[in-house]
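K.L.:
Structure here, sequence nowhere to be found:
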């Protein structure tokens, strides 16, 4: 299985808990350079490597999860692939919105994360 992250639109998450993550609308998986960025390590990855924007394959060491507190609930980062050669930790918009049942809305000033049902701002 190959995951192909590509940066079509990225925004740095401004929540203090997310200082080291970049929101990436083109990435198909969450990627982290270190297991230290995660709350738990789930197992070794079945994914051998990922293809990054320049076409290089970089190895995946393990899979884990993390979370960030929002204004009303905790939001999860599931199935984060730990790839030590990645330059920036990437948060896949698609995976994030599916896992947390939320939307990410971009505007000229940045973005907001909203609950899908209530449209209440979470981040």
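P.N.:
Yep, it's here. Keep in mind that what you see is a predicted model, and the values were worked out from it rather than measured.
K.L.:
so where's the chain shaky on pLDDT?
P.N.:
1-19, 43-47 (pLDDT under 70).
K.L.:
The residue positioned nearest the centre of the chain pairs with what?
P.N.:
Nearest to the geometric centre of the chain sits residue 91, at 1.7 Å (C-alpha atoms, centre = their mean). When bridges are called by DSSP bridges, residue 91 pairs up with residue 23.
K.L.:
For this protein, just list every one of the strands.
P.N.:
Taking DSSP state E as the criterion, the chain carries its strands at 2-3, 10-12, 21-24, 31-32, 40-43, 49-51, 57-59, 62-69, 74-82, 89-92, 102-107, 110-115.
K.L.:
Redo the ones you listed as JSON lines? Include distance to residue 123.
P.N.:
No exception for glycine: its C-beta is placed from N, CA and C like everyone else's. What follows is the strands of the chain, written out as JSON lines (distance: least, C-beta to C-beta, whole Å):
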{"stretch": "strand 2-3", "distance to residue 123": "24"}
{"stretch": "strand 10-12", "distance to residue 123": "11"}
{"stretch": "strand 21-24", "distance to residue 123": "10"}
{"stretch": "strand 31-32", "distance to residue 123": "19"}
{"stretch": "strand 40-43", "distance to residue 123": "21"}
{"stretch": "strand 49-51", "distance to residue 123": "26"}
{"stretch": "strand 57-59", "distance to residue 123": "28"}
{"stretch": "strand 62-69", "distance to residue 123": "8"}
{"stretch": "strand 74-82", "distance to residue 123": "7"}
{"stretch": "strand 89-92", "distance to residue 123": "11"}
{"stretch": "strand 102-107", "distance to residue 123": "9"}
{"stretch": "strand 110-115", "distance to residue 123": "4"}
